[in-house]
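Engineer: here's a sequence, model it:
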Amino acid sequence: MDYKNSNVTPPPYYGGEAAVTQQTNAVMKRVYVRMLIGLLVSAFCALGVASSPALLSFFFSSKLMYWGMFIVMIAMAWILPTRMHKMSTGAVLGCFILFAALMGTSLAPIFIVYRLGTIVYTFFIAAGTFGAMSVYGYFTKTDLTKIGSFLFMALIGLIIASVVNIFVASSTFDWIISIVGVLIFVGLTAWDTQTVKRMAQLNLDPSMADKLATMGALNLYLDFINLFLYLLRIFGGNRD
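Structural biologist: Numbering: from 1, shown residues only. Take a look at the predicted model:
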């Protein structure tokens, strides 16, 4: 309603800086907790599938099954943000958990390609890098909007380059793509953190705040997973 051009008195606002800070901290806490839950779900699914020859055969012997999972994940990541306003908070959270499970299943082959020790230390490198950039994005006073727009365009270019390299199969090009991928997702981590924080500072109703926490967790989850995978390609080598 446009209160400026009507005689209706707007509802009183009992908030303030302290209330906004409290609300923001509450949302961000849920963001990180749900992101952690998503990572744990992915890890258990990946380990479970990797340790079962039957499950590996079921999910990866058929290209239709593998690409089917991939398409479903893309569809969920694309549709969920646009449909969350019409979904219940439980449905949004459930979709995020399902997405994390599918992602974990699709990542099971890394336990076959890479040594477990390599995966573990790369995970901690990714976690440290992610944590540092997320803290920066949360506390920085610099507006990262323009940087975020540039990184999004760079991400599109990275995807195109990755598709091209499927046919070119250049190890040097793959190395360059991996380094650029790390830089892009390092920046996106800070940008997404700042974006979620700013949205949490709005005077949202409880249900929208909860949905925002889940969507923020999804965005940061994707930043972390991609950062981890590009670092693994750089440092990992393989079992051979």
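
Engineer: next, the buried residues of the helix or strand bottoming out on mean pLDDT in the chain.
Structural biologist: Within the chain, confidence by mean pLDDT, DSSP states H and E is lowest for helix 63-83 among all helices and strands, at a mean of 86. The neighbour-count check on helix 63-83 (16 or more other CB atoms under 10 Å) flags M69, M73, M76, L80 as buried. Heads up, the C-betas are built off the backbone N, CA and C, glycines and all.

Engineer: for the longest helix along the chain, packing partners?
Structural biologist: Counting by DSSP state H, the longest helix found in the chain is helix 17-50. Helix 17-50 sits against helix 53-60, helix 89-106, helix 110-113, helix 171-200, helix 206-235, with contacts defined as 3 or more CB pairs under 8 Å, 6 or more residues apart in numbering; DSSP states H and E.

Engineer: would you mind getting the angle between the helix or strand following the shortest one and helix 206-235?
Structural biologist: This points to helix 110-113. Scanning forward in sequence from helix 110-113 by DSSP states H and E, the next helix or strand is helix 116-139. What separates the directions of helix 116-139 and helix 206-235 is an angle of 130 degrees, with axes from the mean of the first three to the mean of the last three CA atoms, to 10 degrees.

Engineer: pLDDT of helix 116-139, averaged?
Structural biologist: The average pLDDT for helix 116-139 rounds to 94.

Engineer: what about it, distance to the chain center?
Structural biologist: Averaging C-alpha positions (CA atoms, centre = their mean, to the nearest Å) puts helix 116-139 13 Å from its chain's average.

Engineer: tell me which other helices or strands that helix touches.
Structural biologist: For helix 116-139, the packing partners by 3+ CB pairs under 8 Å, 6+ apart come out as helix 171-200, helix 206-235.

Engineer: wait, T122 sits on F235?
Structural biologist: Yes. At 5.4 Å, T122 counts as touching F235 under the criterion of CB atoms under 8 Å.

Engineer: settle it for me: which of these two has more neighbours?
Structural biologist: Of the pair T122 and F235, T122 is the one with more neighbours under other CB atoms under 10 Å, namely 22 against 13.

Engineer: residue ranges with poor pLDDT in this protein?
Structural biologist: Applying pLDDT under 70 to the chain picks out residues 1-17, 19, 203-204, 207, 237-240.

Engineer: rewinding a little: what's the closest of the buried residues of helix 63-83 to G128?
Structural biologist: M73 (26.3 Å; CB to CB).

Engineer: ok, M35 touching L220?
Structural biologist: Yes. Using CB under 8 Å, M35 is in contact with L220, at 5.1 Å.

Engineer: ok, back up a step: what's the most buried one of the helices and strands packed on helix 116-139?
Structural biologist: Mean neighbours per residue, mean count of other CB atoms under 10 Å, is largest over the helices and strands packed on helix 116-139 for helix 206-235, with a mean of 21.

Engineer: name the helices or strands packed onto that one?
Structural biologist: The contact analysis (3+ CB pairs under 8 Å, 6+ apart) places helix 206-235 against helix 17-50, helix 63-83, helix 89-106, helix 116-139, helix 171-200.

Engineer: name the next helix or strand downstream of the fourth one, please.
Structural biologist: Scanning forward in sequence from helix 116-139 by DSSP H and E, the next helix or strand is helix 145-168.

Engineer: how about that next one: buried residues?
Structural biologist: Going by neighbour count (16+ other CB under 10 Å), the buried part of helix 145-168 is G148, L151, A154, L155, L158, A161, N165.
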